[in-house]
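A.B. asks: Predicted model and sequence below, questions to follow.
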Amino acid sequence: MKILIIEDEKDLQELMLRFLKREGYHCETAMTYKEGIKKTMNYEYDCLVVDLNLPDGDGLKIIRHFREDNTTSGVVVISARDSVEDRISGLDIGADDYLTKPFSLPELNARIKAVVRRKTGVFEKALVLGDISIKPDDRTVEIKGEKITLTKKEYDILLYLARNKNRIITKDSIAEYLWGDYMDNAVSFDFIYAHVKNLRKKLKDKNCGDYIRTVYGIGYKFLTP
């Protein structure tokens, strides 16, 4: 899936870019109104992620221009403007969803997938690894065909590790994935350890294979069965 991120806050743009690339998207970026307009005119995208407050123009004009020739791609607005009027204006002009800042990166990912799914009717296939079957579209997990109840954070960690199977994932990366811009507020990574410990216990209780391994001092790895 090809995404254009139009955002002038460099740090936020880089966070979104790294996160969405790890989720498997092909991403391009623009930091200004002029650059955003140029890219939407010359290239095709499955979804735009558009900030409204750009240094040289209004993101709403990019959406309006984009919608004149493209009705099938998704558009997600990200903005500090949080009034009802702003939301209505964005949706009326052609946006499919409106997310106010600050937001979590996993929520942005979920909004993008939902928008593209509504536009194309394409659903993400289940991720099957050994005893585990993960269904991202309805956020369910089955162990040997039996559903297992996980918390939101446990599910997100499992999905993140499984999508990056056989790779060492650092605790910093997991914290960024789970909490986005709020990760700096954490005083330690004990919360990650607690979530992983609980996740492992739930998998073990269902007689699931031991796929999640600790890489001491670094993070975790999901070993392919």
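C.D. replies: It's in.

A.B. asks: Please, which helix or strand holds the residue nearest in space to the middle of the chain?
C.D. replies: When the chain is reduced to its mean C-alpha position, the nearest residue by Cα atoms, centre = their mean turns out to be residue 109, at 2.4 Å. Residue 109 belongs to helix 105-120 when assigned by DSSP states H and E.

A.B. asks: Show me which parts of that helix are buried, residue by residue.
C.D. replies: For helix 105-120, the buried set under the neighbour-count rule, 16 or more other Cβ atoms under 10 Å, comprises 105-106, 108-109, 111-113, 115-116, 119. (Each C-beta comes from the backbone N, C-alpha and C, glycine too.)

A.B. asks: other SSEs contacting the helix or strand of the chain with the lowest mean pLDDT?
C.D. replies: Between all helices and strands in the chain, the lowest mean by mean pLDDT, DSSP states H and E belongs to helix 171-179, at a mean of 79. In terms of contact count using 3 or more Cβ pairs under 8 Å, 6 or more residues apart in numbering; DSSP states H and E, helix 171-179 is assigned the packing partners helix 10-22, helix 105-120, helix 152-163, helix 190-205, strand 219-222.

A.B. asks: Can you pull the domain assignment for the protein?
C.D. replies: By the record's domain assignment, the chain is partitioned as 2-120, 127-222 (automatic domain parsing).

A.B. asks: among those, where is the model least confident on average?
C.D. replies: Ranked by mean pLDDT, the domains of the chain end with domain 127-222 at the bottom, a mean of 86.

A.B. asks: what's the distance between it and the middle of its chain?
C.D. replies: Relative to its chain's centre, domain 127-222 lies at 15 Å (Cα atoms, centre = their mean, to the nearest Å).

A.B. asks: Over to stretch 9-23?
C.D. replies: Its chain's average C-alpha position is 10 Å from that of stretch 9-23, according to Cα atoms, centre = their mean.

A.B. asks: mind listing what's buried in it?
C.D. replies: Within stretch 9-23, the residues scored as buried using 16+ other Cβ under 10 Å are 12-13, 15-17, 19-20, 22-23.
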